[in-house]
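>>> Pasting the sequence and the predicted model now:
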Amino acid sequence: MTVAATANDGWKRNLAFIWVGVFVGLLGANFVFPFIPFFIKDLGVSDKSEVAYWTGVSGSATGLSLTLTAPIWGALADRYGRKAMFLRALAGAGVLIAVMGLVQEVWQFVLLRFAMGAFAGTMGAAAALVASSTPRERVGYALGTLQTGMFSANMLGPLVGGVVAASLGIREAFFFCSALYLTAVALVWIFVREGQAAPPPPAPDGSANRSGSLLSNLRIVVSERQVVIMLGLLFCLWLSTTFVRPVMPLSVDDFSAHLPGTSSNDDTVHLSLPWFSFDMKEEAATGVTFGVVGLTSTLAAIAIAPAGQRLGYRNSVAIAAAGSGLLFFPVALAGNFTAFLFLFGATGLFQGAMVPGTNALIAASVPDGKQGSAFGLAASMQSLALLLGPVAGGAVSGLFGVASVYAVIGAILLGVALGAWVLIREPEVFHRPLHGPGPPKVSGESPGKRDG
């Protein structure tokens, strides 16, 4: 009996409380961003360049450790349970964030940020748990819904963190964030049901595969050609957001102007809409742009399931990548902030569909019982993009100018669209009707290979 067979009756309840866990977990991850530089100053670092350096190091430490450890946690989830790994991610992050509020030296903070990446990995654990406890034909809807929790947390996390830090104090904000994590742990522990894990698939010679070791779990996943291709595409899709993020504020700054009679530091950006127009500080304009992209990405994540059912998930991912890639070229040529804002927001309509659509394809293509290993590798691809994207985007900007960054990522996304169209095959499970048992599935068969 597979995980899905035992947990399907409660998959919607599972999804609801896993969504809460993801939202809280990623809210906490984004919660501390606004005040990390100020906290580093409180730890005794006074020079601005050193504050910027340690802020960057603390962020990179988390991404590096998550990149290295996510596949290990994913493989362990296939042996010991995906709910356990999700709880481990939430509890680990909650405890470590509380300890961050007690540190006295900057190196202690960086060390804890590294440990947080090693013990957390909320989204990968959640995706594996959802994929294993949801009927395969509904996994696209479930993962799209889960992705809205991530986008919502990315939008609200910095805002909530800044307000709490201003109201309670920076150290107290760490404890507040930790309490959110532990609340999510309690909700997931009580309400999420995983079901009984599936037995490992047969070995290539037909004998029972009894090892189920960490390496064998990963080996089974990477032996699936389609899964490996989609992991590579997933890296490029995550790169499309991290590559442009460092230069986007520079683009906003290019549209700013100094208004007469104001402070020399008060550069403003003009937004002109058909019904009204107004000026805002460039910091606010940057926040508005990120907010609009977060909103459009959330709407796209909700829409991916019906689009996938109608057009096919492979086609939906290819269309989304192509649409986003094409839109980045006019973003590079935008002549004013209004055009830049709407074009950048339009890219979010396509970008928000790419990752959950690809995750749905991975979930339907990986062998039964190996969802943890697959999504551990997927989380590693995301972390690797978070590490390399800002550096690569900054290098391209320094060599060829800010506009070239949008053109380069546009070309990469067009390549992703072509690769998805040519190399990916739609899993058979997505051709089945949403109601009814569908054709029987041979135990241990890989869905990614059924259609040739």
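Structure's in. What do you need? All values reported here derive from a predicted model rather than from experimental measurement.

>>> pull the longest helix from this protein.
For the chain, the longest helix by residue count, based on DSSP state H, is helix 48-80.

>>> so what secondary structure elements neighbour the helix or strand just after that helix?
Downstream of helix 48-80, the first helix or strand assigned by DSSP states H and E is helix 82-100. Helix 82-100 sits against helix 11-31, helix 48-80, helix 106-119, helix 122-133, helix 170-191, helix 371-400, with contacts defined as 3 or more Cβ pairs under 8 Å, 6 or more residues apart in numbering; DSSP states H and E. In this view, the C-beta of every residue, glycine as well, is placed from N, C-alpha and C.

>>> most tightly surrounded among those helices?
The highest average neighbour count among the helices and strands packed on helix 82-100, using mean count of other Cβ atoms under 10 Å, belongs to helix 122-133 at a mean of 30.

>>> quick one, that one and helix 82-100 angle?
On the basis of axes from the mean of the first three to the mean of the last three Cα atoms, to 10 degrees, helix 122-133 is oriented at 160 degrees to helix 82-100.

>>> wait, doesn't Lys83 sit right on Glu194?
Yes. Judged on Cβ atoms under 8 Å, Lys83 makes contact with Glu194 at a distance of 4.2 Å.

>>> joint contacts of the two?
Leu129 (Cβ atoms under 8 Å, 6 or more residues apart in numbering).

>>> Show me the shaky parts of the chain.
The model of the chain has pLDDT under 70 over residues 1-9, 33-34, 52, 195-218, 220-222, 246, 258-267, 283, 429-452.

>>> Give me the domain ranges for it.
1-194, 220-452 (automatic domain parsing).

>>> Need the three-state assignment for the residue lying closest to Gly312 once chain neighbours are set aside.
If you skip the residues right next to it in sequence, Gly312 has Glu426 as its closest partner in space, 4.8 Å away by Cβ to Cβ, 6 or more residues apart in numbering. Put simply, Glu426 is coil when judged by DSSP: H, G, I helix; E, B strand; the rest coil.

>>> again, but for Val269
Val269 is classified as strand under three-state DSSP.

>>> Contact partners for the nearest residue to it once chain neighbours are set aside?
For Val269, ignoring the flanking residues on the chain, the nearest one in space by Cβ to Cβ, 6+ apart is Ala285 at 3.9 Å. Ala285 is in contact with Val252, Phe255, Ser256, Val269, Leu271, Phe337, Leu341, counting by Cβ under 8 Å, 6+ apart.

>>> And Leu129, by the same measure?
Asn14, Ile18, Ala77, Arg82, Lys83, Met85, Phe86, Val192, Glu194.

>>> give me that answer again for 10 Å
Contact partners of Leu129, counting by Cβ atoms under 10 Å, 6 or more residues apart in numbering, are 3, 7, 14-15, 18, 21-22, 77, 81-87, 146, 188, 192, 194, 371-372, 375.

>>> can you check Ala179 too?
Here Ala179 is in contact with Gly28, Gly94, Ile97, Ala98 (Cβ under 10 Å, 6+ apart).

>>> Would you check how far apart it and Val164 are?
11 Å (Cβ to Cβ, to the nearest Å).

>>> Kindly report the same for Ala285.
Taking Cβ to Cβ, one finds Ala285 at 24 Å from Val164.

>>> ok, now Ala61?
From Ala61 to Val164 the distance is 23 Å (Cβ to Cβ).

>>> do Met85 as well
Distance, Met85 to Val164, using Cβ to Cβ: 28 Å.

>>> Between the two, which is the more surrounded one?
More crowded of Met85 and Val164, by other Cβ atoms under 10 Å: Met85, with 27 against 20.

>>> Apart from its chain neighbours, what residue comes closest to the more buried one?
Once flanking residues are discounted, Met85 sits nearest to Ala77: 4.0 Å by Cβ to Cβ, 6+ apart.

>>> who touches that neighbour in this structure?
Going by Cβ under 10 Å, 6+ apart, Ala77 touches 83-86, 88-89, 124-125, 128-129, 132, 194, 197, 217, 370-373, 375-376.
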